[in-house]
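**Q** here is my input, please return the structure:
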Amino acid sequence: MPRPFLIALLALGLGLSGCTSLGPQTLDHARLQYNEVIKRTTEEQLLLNIVRLRYTDTPSSLAVSAIAAQFERSQSVGLLPFFTAAGGDLNRSFTAVLPQAQIMGADRPTFSLTPLDDQEFTRKLFTPLPLDGVIYLAKTTWPISKVFRLYLENLNWVPNAETASGPTPRQAPPAADFLRGIAALQSLQDRGALVFGMAEQEETLGGALPAGAVAARDLIEAARSGMEYRHDASGRHWRLLRRSSYPVVRLDPRELDSPDARAFAEVFRLKRGTSEFRLTQEALSPFRAAQPADGLTHLDLETRSLLQALYYVSHGVEVPDAHRARGLVTTTRDATGRDFDWQQVMGELFRVRSQPGTERPTNAHVAVNYKDHWFYVDEADQDSKSTFSLLVELSRLELTGKSGPGPQLTLPIGR
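**A** Numbering: from 1, shown residues only. Model (predicted):
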């Protein structure tokens, strides 16, 4: 065998058995691919469930609870003698040597899928968003109109399309006044005239105590519990006080006579001239006669659950005429008996378009195929994209957590 050839073969063997690590290279290529497919399928699953709700179909979800990816690579190099007929002399029975090099790789990912149908999942799906959750969202950078339209059934008993929080109603729900008031609220927030904050109050617990009844250790214990012993005006008695905070909405006093502030106060029956409103949850009587005649000083909220919010936005799904003709969805009618346009409620909030065919729409931000039609959020529809993004994050926040006792489906996939 020629000497240069042997040198080249040796160099090849050293290259194959070098110290290059498979792990970092594989992670560099695989991590973002897994990230992208998890993101895409999570969004598609949520959109599919929204479309299912519009068709009064049952939603269903699978969570990817674990991914275990195993990567293998093996390599070898060798020499194979090439035998020829050379009589009986075994030492001269080959005249050439054939080089061999082999590289083999394997990718064996394992996915664990958990059905989200246990008791904990169902409870979270049906539990209304608590007041502190609404306040948390309102104090983020999300527009207050988007948060309130999604998650409020009513504000001071002014309805926000309440019957849309379930299967599609046959009669159009009232929402015009709520939308007008929320638009004014958003306008005030946009120009910095409205903020969400906290206020403090003091509550007296029990009656007066003699001066000698309270020792130093009592003062310390009260402070540890968020309370305080304080002398009354005479200085001869102690009173136990508890401090607490509560959420409020504050209006810039200079804006009280602005058109937006007047519209906001008119729609939600607020007391004119008030610049601070306490936020409460289902504490206001629904009967107008039981409410103050001069107006309210509270903003009382009735919130939606995640399932109600998904039902609500499902009315932004554009149903094909062929499906309407087959009676696959409930038709909503207005007071005149005409088909109701749900964009009167969903306008600038959420819209899912549809088109027939087998090809995925090229302008889709996220798309799913359902009943031989494509349903998708247009990539140029920024309002719908931001609403959908908020729903994705809220569904992760509310529905992820400790897995229930339900079965797990583990799929080993190798190639």
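**Q** could I get the full set of strands for the stretch 251-400 of the chain?
**A** 276-281, 298-303, 353-356, 364-370, 373-378 (DSSP state E, counting those that start in this stretch).
**Q** which elements pack onto the first one?
**A** Other helices and strands packing on strand 276-281, by 3 or more CB pairs under 8 Å, 6 or more residues apart in numbering; DSSP states H and E, are helix 131-138, strand 194-210, strand 237-251, strand 298-303. Quick note: C-beta positions are derived from backbone N, CA and C, even for glycine.
**Q** residues touching the first one, excluding its own?
**A** With contact meaning CB atoms under 8 Å, 6 or more residues apart in numbering, helix 131-138 is reached by 144, 147, 148, 151, 152, 196, 247, 279, 280, 281, 301, 303.
**Q** can you confirm residue 220 is in a helix?
**A** Yes - counting by DSSP: H, G, I helix; E, B strand; the rest coil, residue 220 is part of a helix.
**Q** report pLDDT for it.
**A** The score at residue 220 is 80. That number is its pLDDT.
**Q** measure how buried it is and give me the count.
**A** With neighbours defined by other CB atoms under 10 Å, the count for residue 220 comes to 10.
**Q** with residue 183 instead?
**A** Residue 183: 17 surrounding residues under other CB under 10 Å.
**Q** dump the residue contacts of it.
**A** residue 145.
**Q** mind checking what secondary structure it has?
**A** What three-state DSSP gives for residue 183 is helix.
**Q** could you look up the SS state of residue 65?
**A** From three-state DSSP, the assignment for residue 65 is strand.
**Q** how far away is it from residue 273?
**A** Distance, residue 65 to residue 273, using CB to CB, to the nearest Å: 55 Å.
**Q** between the two, which is the more surrounded one?
**A** Between residue 65 and residue 273, counted using other CB under 10 Å, the more crowded position is residue 65 (15 against 11).
**Q** re earlier: from the helices and strands packed on strand 276-281, which stretch is densest packed?
**A** Of all these, strand 298-303 has the most neighbours on average by mean count of other CB atoms under 10 Å, namely a mean of 20.
**Q** direction included, what does that strand pair up with?
**A** Here strand 298-303 is paired, per DSSP bridges, with strand 152-155 (antiparallel), strand 276-281 (parallel).
**Q** before we move on, back to that, any chance of the strands of the stretch 251-400 of the chain in JSON lines, with distance to residue 126 and mean pLDDT too?
**A** Below are those laid out as JSON lines (distance: least, CB to CB, whole Å; pLDDT from 0 to 100):
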{"stretch": "strand 276-281", "distance to residue 126": "17", "mean pLDDT": "95"}
{"stretch": "strand 298-303", "distance to residue 126": "12", "mean pLDDT": "96"}
{"stretch": "strand 353-356", "distance to residue 126": "29", "mean pLDDT": "96"}
{"stretch": "strand 364-370", "distance to residue 126": "24", "mean pLDDT": "97"}
{"stretch": "strand 373-378", "distance to residue 126": "25", "mean pLDDT": "98"}
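**Q** tell me which of these lies nearest to residue 60.
**A** strand 364-370 (12.9 Å; CB to CB).
**Q** angle of the closest one against strand 373-378?
**A** Per axes from the mean of the first three to the mean of the last three CA atoms, to 10 degrees, the angle that strand 364-370 makes with strand 373-378 is 160 degrees.
**Q** now do strand 364-370: which elements does it pack against?
**A** Helices and strands touching strand 364-370, as assessed by 3+ CB pairs under 8 Å, 6+ apart, comprise helix 22-54, strand 373-378, helix 382-399.
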